[in-house]
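In: below: sequence and its predicted model.
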Amino acid sequence: MHSYPTETSRVPQRLRRSLPLVLSVLLLAACAGMPPPTAQMALASAAVNSAVAAGAVEMAPAEMALSREKLRRAQTAMAAEDHATALRLSQQAQADAQLAEAKAEAEKARRSAQALQEAGRALREEMARQPK
């Protein structure tokens, strides 16, 4: 007996063709249902403020500018209810601010070490001038 393809044998093939579409719709629905990343936005803002207080504006201006720009873009995305973008940008802004703060602290430490070396050199010179 010869079997012919029936309508039901084509269903899996149709399902396979429509699977990417179904997955895309589910992904979009998941993104749309994402809660606003308010805690992450607060962390990013605090990191920027901490970096400013550490002197990063003067000692790591490129990183600070990048951090502030990403935070601004995250705030714009948040207002547009694009929560996935807001989350991503606020995480990047936080990382950039932390990098700026670390660079500022490293520069302060370098300057402090340089001042101590200079003081030590001056002390050695003064001691060398003293009569023995």
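Out: That came through fine.
In: is residue 36 in a helix, a strand, or coil?
Out: Three states are possible here, and by DSSP: H, G, I helix; E, B strand; the rest coil the one that applies to residue 36 is coil.
In: residues near it, how many?
Out: Residues contacting residue 36 under the criterion other CB atoms under 10 Å number 12. For the C-beta atoms, the positions are set from N, CA and C on the backbone; glycine is no exception.
In: go ahead and confirm it touches residue 85.
Out: No: the criterion here is CB atoms under 8 Å, and residue 36 misses it with residue 85 at 11.6 Å.
In: which neighbours do these two share?
Out: Where contact means CB atoms under 8 Å, 6 or more residues apart in numbering, no residue is in contact with each of residue 36 and residue 85.
In: what packs against the top helix by length along the chain?
Out: The residue-count maximum for a helix in the chain (DSSP state H) belongs to helix 83-129. Applying 3 or more CB pairs under 8 Å, 6 or more residues apart in numbering; DSSP states H and E, we find helix 83-129 packed against helix 38-53, helix 56-59, helix 61-79.
In: if we go to 10 Å?
Out: Contact partners of helix 83-129 among helices and strands, from 3 or more CB pairs under 10 Å, 6 or more residues apart in numbering; DSSP states H and E: helix 11-32, helix 38-53, helix 56-59, helix 61-79.
In: return the helix or strand in the chain with minimum mean pLDDT.
Out: Lowest on mean pLDDT, DSSP states H and E among the helices and strands of the chain sits helix 11-32, with a mean of 62.
In: what about this structure, any weak spots by pLDDT?
Out: Low-confidence segments of the chain (pLDDT under 70): 1-16, 19, 21-32, 132.
In: so which residue is dead centre in it?
Out: Nearest to the mean C-alpha position of the chain, counting by CA atoms, centre = their mean, stands residue 92 at 1.4 Å.
In: residue contacts, that one?
Out: Taking CB atoms under 10 Å, 6 or more residues apart in numbering as the contact definition, residue 92 lies against 44, 66-67, 69-71, 73-74.
In: rerun at 7 Å
Out: Residue 92 makes contacts with residue 70, as judged by CB atoms under 7 Å, 6 or more residues apart in numbering.
In: so that it lines up with my notes, have the first residue be 15 from now on.
Out: Done: numbering now begins at 15, and the last item shifts to residue 106.
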